[in-house]
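Visitor: Sequence first, predicted model second:
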Protein chains: 2
Amino acid sequence: MKQVKVSNNVIRRLPRYLRKLDELAADGVDKISSRQLGEELGLTSSQVRQDFNCFGEFGQQGYGYNVSALRAQIAGILGMDRGFSAILLGVGNIGRALMENFCFSDWGVKLAAAFDIKPELVGTEYKGVRIYAMEELEHYLDTNRVDMAVLTVPKAAAVPVTELLTAHGVDAIWNFTNVELTRPNSSTIVENIHFSDSLLSLCYYVTERRDDAAKKEDK
Amino acid sequence: MKQVKVSNNVIRRLPRYLRKLDELAADGVDKISSRQLGEELGLTSSQVRQDFNCFGEFGQQGYGYNVSALRAQIAGILGMDRGFSAILLGVGNIGRALMENFCFSDWGVKLAAAFDIKPELVGTEYKGVRIYAMEELEHYLDTNRVDMAVLTVPKAAAVPVTELLTAHGVDAIWNFTNVELTRPNSSTIVENIHFSDSLLSLCYYVTERRDDAAKKEDK
DNA sequence: TAGATTGTTAATCGATTAACAATC
DNA sequence: TAGATTGTTAATCGATTAACAATC
């Protein structure tokens, strides 16, 4: 694998390729050209080929790409075969929704444990995942390998819990709190799901469209 | 307002500015320079100023930006004062989590109604939002203004429900399903929350870090 | 072989950064 | 006035697109 230093934009497209390839495989398609794949995702064929060539040569000239082989390559690049282990902090509404509905194992991640402060939850299991007390977190981190933490605690707990995690060597956080965790001089990897940011972007595009429509009506 | 054609990258940063400005206001800060604001968010001062200058002149030379005035400008750009009206489709785990925990009105959006197929939910209210039967959707759309739809239905329902929505004039969708809704020749505005894409990006960065660490150990 | 499509280099385009005059 | 910081233009950097030789 080449791997110079792959740009963020490329990384963000990899899961989309993966999703589309899964869809194609489910439809019984077994080969695809960069042009076709690009069309499906709104990209140019050049871009598709450039993206893949960041990591190696996955196609065959004159033929295209084998769907399942390409899928496997991308899965490998993303680290889906590494057996990453995650823990979830905060079994509130969103935490519970993730535990119930989101299949971590589909993406190669094992959700190994959850933590909450509510005594009535501690000791129970949710979808095969045991819920521990927050006080047990430090001990857990010291005795288990944890590759990433899913942060679904209330806003106020976000920073203290993050500090505890990083102090015990967890350097990757999937952040569902509406808090800017990215700290200037920190080396922690933070991946945000900011619902409000997403909704506000949508609002912007709707606003833009309404304004355009109003402008046309003026004429 | 200038408004030539603002790039996606700029739009994506606007909610982050808003969030940071809210934080600053809460801390009692009432002015900030582009340099300081940039540092807080990991951006250069140039970028901050360029971003704002897409929309007008919000600062004062020699002084900086007034926090609450700038906040109000950005809120206006995003359309938070437009009184957008949304409906939610699918009151499952994730739909319920949003209704319970996510404060739409904080971002200027009114969640006006929800729809589900489960008979036991129909007619009930959740956090002040009435739940209707899916069969009532068409009639609702024809008799109410709906600016955006929150799509939290199961995977299989995503495409048919979207088609129904667009057929009745809803042209903006906040998509929580793991389905690529962006269709090549559609004019619908789709904003995706793809949990799996986000997790896979995180996996990539963790993988990269582990590989770098392993490489260093080799030497 | 002829046709198709990749891998890859070169050209273009757009976004970020630097610089500085304007001005509070 | 002097210092600070914006608004804005110019320079740089990086990402996307186009082109084409390599090759299946």
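Guide: All right, it came through fine. Residues are numbered from 1 along each chain as shown, chains lettered A, B, ... in the order given.

Visitor: And the longest helix seen in chain A, how far out from the chain middle?
Guide: If you go by DSSP state H, chain A has its longest helix at helix A:195-218. On the basis of CA atoms, centre = their mean, to the nearest Å, the separation between the geometric centre of helix A:195-218 and that of its chain is 27 Å.

Visitor: Repeat that for stretch A:129-144.
Guide: Taking CA atoms, centre = their mean, one finds the center of stretch A:129-144 at 23 Å from the center of the full chain.

Visitor: what's the span of it, first residue to last?
Guide: End-to-end span of stretch A:129-144 (CA to CA, to the nearest Å): 15 Å.

Visitor: swap in stretch A:51-59?
Guide: Termini of stretch A:51-59 sit 12 Å apart (CA to CA).

Visitor: Stretch A:60-72 now?
Guide: Stretch A:60-72 stretches 16 Å from its first residue to its last (CA to CA).

Visitor: which parts of stretch A:59-78 are buried?
Guide: A:59, A:64, A:65, A:66, A:67, A:70, A:71, A:73, A:74, A:75, A:77, A:78 (16 or more other CB atoms under 10 Å in any protein chain shown). Every C-beta, even on glycine, is put in place using the N, C-alpha and C of the backbone.

Visitor: Go ahead and measure how far stretch A:89-101 is from the middle of the chain.
Guide: In this view, stretch A:89-101 has its centroid 16 Å away from the chain centroid, taken as CA atoms, centre = their mean.

Visitor: I'd like the mean pLDDT over that stretch, please.
Guide: For stretch A:89-101, the mean pLDDT works out to 93.

Visitor: List the buried residues for that stretch?
Guide: Going by neighbour count (16+ other CB under 10 Å), the buried part of stretch A:89-101 is A:89, A:90, A:91, A:92, A:93, A:94, A:95, A:96, A:97, A:98, A:99, A:101.

Visitor: what's the spacing between residue A:164 and residue A:152?
Guide: Relative to residue A:152, residue A:164 is positioned 15 Å away (criterion: CB to CB, to the nearest Å).

Visitor: before we move on, what about residue A:202?
Guide: 22 Å.

Visitor: Over to residue A:115?
Guide: Relative to residue A:152, residue A:115 is positioned 10 Å away (criterion: CB to CB).

Visitor: The two: who's more crowded?
Guide: It is residue A:152, of residue A:115 and residue A:152, that has more neighbours when counted by other CB atoms under 10 Å in any protein chain shown, with 28 against 24.

Visitor: That one: what's it in contact with?
Guide: Residues in contact with residue A:152 (CB atoms under 8 Å, 6 or more residues apart in numbering or on different chains) are A:88, A:89, A:90, A:91, A:92, A:94, A:95, A:98, A:176, A:177.

Visitor: if we can go back for a sec, need the overlap of contacts for residue A:115 and residue A:152.
Guide: When contacts are counted by CB under 8 Å, 6+ apart, residue A:115 and residue A:152 have A:88, A:89, A:90, A:91 as shared neighbours.

Visitor: Does residue A:15 belong to a helix, a strand or coil?
Guide: Three-state assignment for residue A:15 (DSSP: H, G, I helix; E, B strand; the rest coil): helix.

Visitor: and what of residue A:85?
Guide: Look at residue A:85: counting by three-state DSSP, its state is strand.

Visitor: how close does the closest residue to residue A:49 other than its chain neighbours get to DNA strand D?
Guide: Take residue A:49 and drop its neighbours on the chain: the residue closest to it by CB to CB, 6 or more residues apart in numbering or on different chains is residue A:34, 4.8 Å away. Residue A:34 sits 9 Å away from DNA strand D, going by CB to the nearest atom of the strand, to the nearest Å.

Visitor: what about the helices in chain A?
Guide: A:8-26, A:34-41, A:45-53, A:67-78, A:93-101, A:137-143, A:158-167, A:195-218.

Visitor: Report the angle between the fifth one and helix A:195-218.
Guide: It refers to helix A:93-101. Per axes from the mean of the first three to the mean of the last three CA atoms, to 10 degrees, the angle that helix A:93-101 makes with helix A:195-218 is 100 degrees.

Visitor: Can I get helix A:93-101 in PDB? Just the C-alpha atoms.
Guide: Listed next in PDB are the C-alpha coordinates belonging to helix A:93-101 (Å, rounded to 0.1, in the frame of the first residue of the first chain):
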ATOM      1  CA  ASN A  93     -31.800   8.000  25.000                       C
ATOM      2  CA  ILE A  94     -29.200   8.300  22.400                       C
ATOM      3  CA  GLY A  95     -26.900   5.800  23.900                       C
ATOM      4  CA  ARG A  96     -29.700   3.300  24.200                       C
ATOM      5  CA  ALA A  97     -30.800   4.000  20.600                       C
ATOM      6  CA  LEU A  98     -27.200   3.200  19.400                       C
ATOM      7  CA  MET A  99     -27.000   0.000  21.500                       C
ATOM      8  CA  GLU A 100     -30.300  -1.200  20.200                       C
ATOM      9  CA  ASN A 101     -30.300  -0.100  16.600                       C
END
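
Visitor: Point out the other elements, helices or strands, that that helix touches.
Guide: strand A:84-89, strand A:109-116, strand A:125-126, helix B:93-101 (3 or more CB pairs under 8 Å, 6 or more residues apart in numbering or on different chains; DSSP states H and E).

Visitor: No further queries at this time; thank you.
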